[in-house]
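>>> Show me the folded form of this:
(2 chains)
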Number of protein chains: 2
Amino acid sequence: MSTTDEQFLADFATMSGFGATPGGGVDRQAGTPEDHATRAWFSQWLARHGYTETVDEAGNQFGTVELVPGAPYVLVGSHLDSQPLAGRYDGAYGVLAAAHAGARVAAEARAGTLQTAYNLAVVNWFNEEGSRFKPSMMGSGVFTGKLRLEDALATTDPAGTTVAQALANGHAAPDGNAPVLAQVARYAEIHIEQGRNLEESGTQVGIVDRTWAASKYRVTVDGAQSHTGATRMEDRRDALFGAALVITAARELAAEFEPGLLHTSVSELYVLPNSPVTIARQVLMNLDLRSPDESVLGLAMERLEKRIIDAQADSRTEIRLDLTHNWEVVSYQPEGAALGRASADSLGYSHADVMTVAGHDSTNMKDVVPTVMLFVPSVEGISHNEAEFTHDDDALRGVELLTEVTRRLVRGELEED
Amino acid sequence: MSTTDEQFLADFATMSGFGATPGGGVDRQAGTPEDHATRAWFSQWLARHGYTETVDEAGNQFGTVELVPGAPYVLVGSHLDSQPLAGRYDGAYGVLAAAHAGARVAAEARAGTLQTAYNLAVVNWFNEEGSRFKPSMMGSGVFTGKLRLEDALATTDPAGTTVAQALANGHAAPDGNAPVLAQVARYAEIHIEQGRNLEESGTQVGIVDRTWAASKYRVTVDGAQSHTGATRMEDRRDALFGAALVITAARELAAEFEPGLLHTSVSELYVLPNSPVTIARQVLMNLDLRSPDESVLGLAMERLEKRIIDAQADSRTEIRLDLTHNWEVVSYQPEGAALGRASADSLGYSHADVMTVAGHDSTNMKDVVPTVMLFVPSVEGISHNEAEFTHDDDALRGVELLTEVTRRLVRGELEED
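Predicted structure coming up:
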């Protein structure tokens, strides 16, 4: 193993100690002391490796390297925050890979072995996960102008703490020097697949060419409070029973399609008043439908709406679905994917085009600048779980690939194609 | 309408202003400022009507009247605390009715028109509802020796506040003068029915002769965290889906029996981690089964266990049921019910024997002293809901009936039968 590989694995192990959990994962939700500690470590790492650290108003943490005075940036990164009881790889792997890749490319530029068309910056986007503060992909959302800074800063967690307060309490203050969107020419990101396609096909790296379509809803089930013991079954208007019917209907719906054509989930649920002796008057929950084919989503919702009419009648509740997010199948730029494939070929890595089901900061970035999104295999596709794992060999191949992609972007190869 | 009737309704209206909600109900969970305010008002009421107020270590609030120095007490009461967004009648009606009944009986004793065998006390039991601090019927549970005082005081609400802290913060301190179990000879309580039997049969008052059987469980559904979008349906171990299957199975189970033979409820549910992008690793919830026939409960649980085996397989989760409460059908003392009937007859009220599905403080008291439990009609049986309502005529008949029952108990009629 090379010294640089050893150093990457050692850095990854050190980083994984921040917010470490007994089950071998991490818990460092956005703006918590664990997130702050990880960022503080990363800040020192950047300084030791020739980067200039800078932070923007949305809490995005950058490390810049000047290679061509006044030129736009090639930006490479991901996020250091995590879900509660999450794995060590999701996001954090991509930030460290970006930092190592950038340092190698910068060294080549300084040594004169690489021609440079752009400056280089790495980024740790604030709050990609969205578990504590909604929505997810917050930092990149503000950066790309999809989310207003004031709205992001005013967002509260369930305890009432705002993003502004969480950032002020332990975070480096914004310094006015951070890159802005207009200064960014290219974006690249690497992430674990969070799926099993690469593992099952024995492919070494993935080139992300498209995103799955997704529809997300806020579901409100309105019933009526009554006594759990004394109320006759036929008199009940039980919001939790209505919610259970929606949950099972969504699951059965997925089974009506070929495997892999429709993913449905309900994962967040609030009961009012949530008492052991009072039937629920209201349940609020999410509903998440995803498909690699938009027409499947449309058909699925048609069928689900019929089931919901039945669920309302069976539970004597009123069930309302409000659409909160809607993404069609969106392509990453073909020239970015082509650059990813060419980079993998030049390294002799087997590769496949893959779609991403999960959202990433690159989902925001690809809408505004040419973007290269890369995957490495993820054992059994386990993610948002302490057991999330990627073999060292795969992780190191990913760093090599991201380095090659960054190298090509910095020297302006995308323009030459 | 008599002056005493007008005064009762006026007092009831005043009392209903504490913790009043926009929907016409009250929210005064145990130990909250709203509960304290109601108790403070009741304390003044007791003083104005010749009672001596005294408070015990468990937060039970008493008003005593000495009629026969050294004699045991006839105790009459209910509870002033409420569920969140509850009705005005549940508990509070019974406390005020007891206070009015006791004052009338004491006046007769002082005037020499009533022979007395016992002293008289009214009680507001602490935390009957159990929504903020579990278990329910806490104050009467400690009083009757079913629950240890230390355990009750150490119980915490979801915010971590203990009962001891809630009592100390706004409550009259215990004074060492409160009645103890050994000094109580008889107990009586009146409550709204929280059911529709009296209303549907056009009966004016109910004499409670038995309690429904009940089995309550803590349900734990263990799955595995994973990404809501990316995880294949067949790879999921979704604890919330497992929970939804249990909720629907419990509901379907009730429909397999004749109406009124089995009530099943799930009303309190916690999801971990409760994130919009992470499939639930664990769900905790209650399961409540009630029946007027113990053998139905046994048969129902046999059937439910088979359904749970299927639910585990379908959701790839592990589902565990832990029994937390188990009551058989229990009779109130026949001589107490007979005294209730005789009292109703003497007032010319139509009456019927009814079972209680809900637990009451009298459920605890009947196990240790002869107890008379009375119901008044409850419109549509609506309870634990702001729309809970009992007509004034029915409420006033209840006060008359409780007065007659108290009168008979104080003069020792139960011994004569």
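>>> chain center to the longest helix anywhere in chain A: distance?
Secondary structure of chain A per DSSP state H: the longest helix is helix A:294-315. How far helix A:294-315 lies from its chain's middle: 28 Å, per C-alpha atoms, centre = their mean, to the nearest Å.
>>> tell me the angle the helix or strand that that helix is followed by makes with helix A:294-315.
Per DSSP states H and E, the first helix or strand lying C-terminal to helix A:294-315 is strand A:318-327. Between strand A:318-327 and helix A:294-315, the angle comes out at 160 degrees (axes from the mean of the first three to the mean of the last three C-alpha atoms, to 10 degrees).
>>> who touches the most centrally placed residue in chain A in this structure?
Of all residues in chain A, the one closest to the mean position by C-alpha atoms, centre = their mean is A:His360, 3.7 Å from it. Going by C-beta atoms under 8 Å, 6 or more residues apart in numbering or on different chains, A:His360 touches A:Ser78, A:Glu128, A:Met137, A:Glu189, A:His191, A:Met373. From N, CA and C alone the C-beta is placed, and that goes for glycine too.
>>> Select only the buried ones of those residues in ChimeraX?
Burial among the contacts of A:His360 is assessed by 16 or more other C-beta atoms under 10 Å in any protein chain shown; the matching ChimeraX selection reads:
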select /A:78,128,137,189,191,373
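>>> Can you tell me which of the contacts of A:His360 end up in strands?
Here DSSP state E is the test, and the contacts of A:His360 give A:Ser78, A:Glu189, A:His191, A:Met373 as lying in strands.
>>> just these now: which is nearest chain B?
When the ones in strands among the contacts of A:His360 are compared for distance to chain B (C-beta to the nearest C-beta), A:His191 comes out closest, at 10.7 Å.
>>> Which residues are in contact with the closest one?
A:Ser78, A:Asp90, A:Gly91, A:Tyr93, A:Gly94, A:His360, A:Met373, A:Leu374, A:Phe375, A:Val376.
>>> Quick one: the helices in the stretch 1-150 of chain A, in order.
Listed in chain order, the helices of the stretch 1-150 of chain A (DSSP state H, counting those that start in this stretch) span A:3-15, A:33-48, A:92-111, A:138-143, A:149-154.
>>> neighbouring contacts of the helix-or-strand element of chain A with minimal mean pLDDT?
Scoring the helices and strands of chain A by mean pLDDT, DSSP states H and E places helix A:413-416 at the bottom, with a mean of 77. Helix A:413-416 has contacts (C-beta under 8 Å, 6+ apart) with A:Ala117, A:Arg186, A:Glu335, A:Gly336, A:Leu339, A:Pro370, A:Arg408.
>>> So A:Trp125 is in contact with A:Gly141, correct?
No. Taking contacts as C-beta atoms under 8 Å, A:Trp125 lies outside contact range of A:Gly141: 9.0 Å.
>>> For the two, indicate the residue with more neighbours.
A:Trp125 (32 against 25; other C-beta atoms under 10 Å in any protein chain shown).
>>> How about the more buried one, nearest residue that isn't a chain neighbour?
Nearest residue to A:Trp125 in three dimensions, chain neighbours excluded: A:Gly139, at 3.9 Å (C-beta to C-beta, 6 or more residues apart in numbering or on different chains).
>>> separation between that neighbour and chain B?
Between A:Gly139 and chain B the distance is 16 Å, computed by C-beta to the nearest C-beta, to the nearest Å.
>>> repeat for A:Thr211
In this structure, A:Thr211 lies at 10 Å from chain B, with C-beta to the nearest C-beta as the measure.
>>> which residues in the stretch 101-250 of chain A form strands?
A:119-124, A:184-192, A:205-211, A:213-222, A:226-227 (DSSP state E, counting those that start in this stretch).
>>> Please convert those to a markdown table, extending it with mean pLDDT.
What follows is these, written out as a markdown table (pLDDT from 0 to 100):
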| stretch | mean pLDDT |
| --- | --- |
| strand A:119-124 | 98 |
| strand A:184-192 | 98 |
| strand A:205-211 | 97 |
| strand A:213-222 | 96 |
| strand A:226-227 | 92 |
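>>> Output these in TSV, with distance to A:Thr155 appended to each entry.
Listed next are the strands of the stretch 101-250 of chain A as TSV, based on distance: least, C-beta to C-beta, whole Å:
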stretch	distance to A:Thr155
strand A:119-124	19
strand A:184-192	24
strand A:205-211	24
strand A:213-222	16
strand A:226-227	35
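>>> residue contacts, A:Thr161?
A:Gly31.
>>> Phi and psi next, for it.
phi -70, psi 130 (degrees, to the nearest 10).
>>> Just give me the neighbour total for the residue nearest to A:Arg132 when sequence neighbours are not counted.
In this structure, A:Arg132 finds its nearest non-sequential neighbour in A:Gln29, 4.3 Å apart by C-beta to C-beta, 6+ apart. Counted with other C-beta under 10 Å, the neighbours of A:Gln29 add up to 24.
>>> Ok, the one 5 residues further on next?
As a burial measure, A:Glu34 scores 20 neighbours (other C-beta under 10 Å).
>>> cool, A:Thr14 as well?
Neighbours of A:Thr14 under the rule other C-beta under 10 Å: 12.
>>> Check A:Glu199 too.
If you count neighbours by other C-beta under 10 Å, A:Glu199 ends up with 17.
>>> circling back: which of the helices of the stretch 1-150 of chain A sits most buried?
Burial of these is given as mean neighbour count (mean count of other C-beta atoms under 10 Å in any protein chain shown); helix A:138-143 ranks first at a mean of 28.
>>> Just the CA atoms of it, as PDB, please.
Extracted in PDB, the C-alpha atoms of helix A:138-143 (Å, rounded to 0.1, in the frame of the first residue of the first chain):
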ATOM      1  CA  MET A 138     -29.500  22.800   3.000                       C
ATOM      2  CA  GLY A 139     -26.000  24.200   2.500                       C
ATOM      3  CA  SER A 140     -25.800  23.400  -1.200                       C
ATOM      4  CA  GLY A 141     -29.400  24.500  -1.600                       C
ATOM      5  CA  VAL A 142     -28.500  28.000  -0.400                       C
ATOM      6  CA  PHE A 143     -25.300  28.000  -2.400                       C
END
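>>> if we look at it, which residues are touching it?
Here helix A:138-143 has contacts from A:30, A:56-60, A:79, A:125-128, A:130, A:135, A:147-149, A:152, A:155, A:163, A:180-181, A:361, A:364-365, using C-beta under 8 Å, 6+ apart.
>>> ok, A:Leu153 - contacts?
A:Leu153 is in contact with A:Glu57, A:Ala58, A:Thr162, A:Val163, A:Ala164, A:Leu167, counting by C-beta under 8 Å, 6+ apart.
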